[in-house]
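In: Provided below for reference: sequence and predicted model.
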Amino acid sequence: MPPRLRASLPCLTAVALFALSLAPAPAAAEPTASSDTPLALTPPMGWNNWAHYMCDIDEAKVVANADALVRTGLAAKGYDTVTVDDCWMLKSRDAGGGLVTDTARFPHGMAWLGRYLHAKGLKFGIYEDAGSLTCEKYPGSGSPAGGGADHYDQDARLFASWKVDYVKMDGCNLWVPPGKTKEQAYRDAYGSVARALRASGRDMVLSASAPAYFQQGEWGGSDWHKVLGWVGETGQLWREGKDIKVYQPAAPGASRWSSVMGNYGYNRWLGRYAGPGNWNDPDFLIAGAPGLTAAESRSQVGLWAMMAAPFILSSDVSRLTPAGVAALGNADLIALDQDPMGRQGAVVSSNATFEVLVRPLANGDRAVAVLNRSGNARDISVPLADIGLDSCTVNAKDLWSGARTDVSASLTGKLAAHDTAVWRLTPRGCAEAVPTGQINGAGARCADGANTTGVGAVVMAACTAGADQRWTVGRGDASLRLAGECLSAGEDGAVELADCAPGEPGQSWTHRRDGALVEAVSGLCLTAPAAAATPDAPAKRLRLTACGDHRVDQAWSLPV
Ligand code: GAL
């Protein structure tokens, strides 16, 4: 691209320059566990009954699945937390305000179940709700509608007395007091839950469902992003969206693939919130269960591992398919999911057919996955240069086959319909990898430098996996580059691609944890245009505007 002139900008101070970097914000990777003991430094693993049994749950079924985890070897591989979901209690509290276990379902009671699980080397998880009623209308821990005392402390003490290790706190039926927003009410409620668990004296991992009650579509709304911003101060993992489709005994063969793709869809942009002690939870693994093919099961395990997602099975463990058990038990995939650095992978290129994800790992390796969304087998080829590894050789381990090859040009292979390839790359003689790939913004669209509306214009477009959406994130110099040019503050608030010049004002960007990309000189935020391009209306350009409060058109997901 020819050099272009930029509007002149006020002088940038040296201080401002030094303060900026697009390196991952350390805050996102630091433990923010609610207990003094850091909890869940890697994503929790285990089993929960909901997506297979829903309310048809009892002690025998929980015990049978716990036994099956041990027998299949999955427990020894890390799937160790057995969680009883909704419907375990009676519909009323006792005279002392305590929750009452339904002994028709759990004849030995919950303390016994905890002892049984612990004796097997497993951990004990239980479900409650931060509102007044659970989603199935059993007593919740929260204040009744209209106000009144909550039971957060009392219930936390009860769970501690049962030696519970993990609490899934749902967010149904949460009362919003007058004068508070729904978002404030959830923040207060989950803050109280976290304090009550801490005060109980027992370390219990908290799965906080708050964000799921604010989800609006794949890119989410402002409140969803606000909740994602604070939920990690309360819990170690959080559901952010829709449930994975549950097993239907009346239609056991019904496909659940679109549900897996849907949950993957909303989770894939949220890597900036994840780190040791804080995990995005796109819901249960149903790999190997009815409704997914062997390839689709591999895909769920592979994509969840790339996203550092909790590995919580929700199936009849004794009836998992052999291919499902193989995928779930694959030690390399588990190690990928549980990588101690805890950085969630990002989508670096996507179109209607393929999606490529990259995840940096603690030992300097990089994991790469390619999803084939299409219903046909496809040849795949991913040039190393496109994923930030230029002019060098990597040793690539195919994590499904275990085969190793040295690769200097492109990762290649053939993928079955709906399958996902996953490689672990060990760089040999490579310079430090440069985060390279698409930048996603509002509507999950891609920032595109195509020359559609004027020289150097940057617009939003459907993601194409093309070169005009392949950005590189500067290491140290806080630049965002496309085809060798730098994203720059331009005339009249528009941004543009222009020649990169060290220290040049208007080319330094900070990626905040809330997703905002802030330009250093102006302090303004990169903002996506409201409307997508149509055949009649050309695409509008990205602009710099005043930074708002968790505006969805100012949230961005960057390659890693
Ligand atoms: C939903 C939750 C499910 C399950 C169910 C129980 O809100 O997402 O995973 O816990 O409630 O009623």
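Out: It's in.
In: so which residues on the protein come close to the ligand?
Out: Counting by CB under 6 Å from any ligand atom, the chain comes close to the ligand at 50, 85-86, 127, 134-136, 170, 172, 239, 243. Bear in mind the C-beta positions are built from the backbone N, C-alpha and C, glycine included.
In: state the pair within those that is farthest apart.
Out: Glu136 and Arg239 (16.1 Å; CB to CB).
In: rewinding a little: weed out the non-buried ones from the residues of the chain next to the ligand.
Out: In the residues of the chain next to the ligand, burial by neighbour count holds for 50, 85-86, 127, 134-135, 170, 172, 239, 243, counting by 16 or more other CB atoms under 10 Å.
In: quick one: Val495 and Val459 touch, right?
Out: No: the criterion here is CB atoms under 8 Å, and Val495 misses it with Val459 at 10.3 Å.
In: joint contacts of the two?
Out: Residues touching both Val495 and Val459 (CB atoms under 8 Å, 6 or more residues apart in numbering): 541-542.
In: list the contacts for the residue of the stretch 301-450 of the chain found nearest the ligand?
Out: Per CB to the nearest ligand atom, the residue of the stretch 301-450 of the chain with the smallest distance to the ligand is Ser314, at 8.2 Å. Ser314 is in contact with 47-52, 244, 284-286, 289, counting by CB under 8 Å, 6+ apart.
In: for the residues you listed, give me TSV that also has pLDDT.
Out: Shown next, in TSV, are those (pLDDT from 0 to 100):
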residue	pLDDT
Trp47	99
Asn48	99
Asn49	98
Trp50	98
Ala51	98
His52	98
Ile244	98
Phe284	98
Leu285	99
Ile286	98
Ala289	98
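In: measure stretch 416-433 end to end?
Out: Stretch 416-433 has its terminal residues 29 Å apart, counting by CA to CA, to the nearest Å.
In: how about it: buried residues?
Out: 416, 418-427, 430, 433.
In: same check, this time on stretch 191-205
Out: Applying 16+ other CB under 10 Å to stretch 191-205 flags 192-194, 196-198, 200, 202-205 as buried.
In: check stretch 89-97 too.
Out: In stretch 89-97, counting by 16+ other CB under 10 Å, buried: Met89.
In: make 21 the first number, not 1, from now on.
Out: In the new count, where the first residue is 21, that last one comes out as stretch 109-117.
In: export it as CSV, just CAs?
Out: Output of stretch 109-117 as CSV, limited to C-alpha atoms (Å, rounded to 0.1, in the frame of the first residue of the first chain):
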residue,chain,number,x,y,z
MET,A,109,-33.9,-31.0,48.0
LEU,A,110,-37.5,-30.7,49.3
LYS,A,111,-39.6,-27.8,48.3
SER,A,112,-39.5,-26.2,51.8
ARG,A,113,-36.9,-25.4,54.3
ASP,A,114,-37.1,-26.8,57.8
ALA,A,115,-38.2,-25.0,60.9
GLY,A,116,-34.7,-23.7,61.4
GLY,A,117,-34.5,-22.3,57.9
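In: hmm, who's touching that stretch?
Out: 119-122, 157-159, 171, 174.
In: could you rerun that using 7 Å?
Out: 119-122, 158-159, 171, 174 (CB atoms under 7 Å, 6 or more residues apart in numbering).
In: buried subset of the residues you listed, written for ChimeraX?
Out: For the buried members of the contacts of stretch 109-117, the matching ChimeraX selection, counting by 16+ other CB under 10 Å, is:
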select :119,121,158,159,171,174
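In: how about the contacts of stretch 109-117, which pair is most distant?
Out: Largest pairwise distance in the contacts of stretch 109-117, by CB to CB, is 18.4 Å, between Asp122 and Gln174.
In: what packs against the lengthiest strand in the chain?
Out: Secondary structure of the chain per DSSP state E: the longest strand is strand 440-448. Using 3 or more CB pairs under 7 Å, 6 or more residues apart in numbering; DSSP states H and E as the contact test, the elements touching strand 440-448 are helix 314-326, helix 351-357, strand 386-392, strand 413-418, strand 430-435.
In: give me the mean pLDDT for that strand.
Out: Across strand 440-448, the average pLDDT comes to 97.
In: next, the angle strand 386-392 makes with that strand.
Out: 150 degrees (axes from the mean of the first three to the mean of the last three CA atoms, to 10 degrees).
In: contacting residues around strand 440-448?
Out: 318-319, 322-323, 352-353, 356, 384-391, 400, 409, 412-420, 431, 433, 435.
In: can you say which of the residues you listed are buried?
Out: Buried among those (16+ other CB under 10 Å): 318-319, 322-323, 352-353, 356, 385-391, 400, 409, 413-414, 416-420, 431, 433, 435.
In: among the buried residues of stretch 211-225, name the ones in helices.
Out: The helices, defined by DSSP state H, take in 212-214, 216-218 from the buried residues of stretch 211-225.
In: for the residue of the stretch 221-370 of the chain found nearest the ligand, what are its contacts?
Out: The ligand sits closest to Asp263 of the stretch 221-370 of the chain, with a gap of 4.5 Å, by CB to the nearest ligand atom. Shown in contact with Asp263 (CB under 7 Å, 6+ apart): Asp303.
In: identify the residues contacting the nearest residue to Ala436 once chain neighbours are set aside.
Out: Counting by CB to CB, 6 or more residues apart in numbering, Ala315 is the residue found nearest to Ala436 once chain neighbours are left out, at 4.4 Å. Neighbour list for Ala315: 436-439 [criterion: CB under 7 Å, 6+ apart].
In: equivalent analysis for Leu544, please.
Out: 564-567.
In: just curious, which of the ones in helices among the buried residues of stretch 211-225 is nearest to Val184?
Out: Among those, and counting by CB to CB, the member closest to Val184 is Leu217, at 9.5 Å.
In: my guess is the closest one meets Ser227, correct?
Out: No: using CB atoms under 7 Å, Leu217 makes no contact with Ser227, being 11.2 Å away.
In: hang on, the earlier thing: farthest pair in the buried residues of stretch 211-225?
Out: Ser212 and Asp223 (18.0 Å).
In: hmm, Trp277 is touching Glu316, no?
Out: Yes: taking contacts as CB under 7 Å, Trp277 lies within contact range of Glu316: 5.0 Å.
In: got any residues that touch both of those two?
Out: Joint contacts of Trp277 and Glu316 (CB under 7 Å, 6+ apart) are His438.
In: of those two, who's got more company?
Out: Glu316 (24 against 21; other CB atoms under 10 Å).
In: retrieve the pLDDT associated with the more buried one.
Out: Reported pLDDT for Glu316: 98.
In: shouldn't it be in contact with His438?
Out: Yes: using CB under 7 Å, Glu316 is in contact with His438, at 4.8 Å.
In: now do the shared contacts for those two.
Out: Trp277.
In: rewinding a little: got the buried residues of stretch 211-225 as CSV, with pLDDT columns?
Out: Formatted as CSV, the buried residues of stretch 211-225 follow (pLDDT from 0 to 100):
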residue, pLDDT
Ser212, 98
Val213, 98
Ala214, 98
Ala216, 98
Leu217, 98
Arg218, 97
Ser220, 97
Arg222, 97
Asp223, 97
Met224, 98
Val225, 98
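In: looking at those residues, which is nearest Pro579?
Out: Distances from Pro579 to the buried residues of stretch 211-225, taken by CB to CB, are shortest for Val225, at 30.2 Å.
In: any idea what the closest one is bridged to?
Out: Tyr186 (DSSP bridges).
In: can you read off the pLDDT for Tyr373?
Out: Let me fix one detail, which is that residue 373 is Thr and not Tyr. Thr373 is given a pLDDT of 98.
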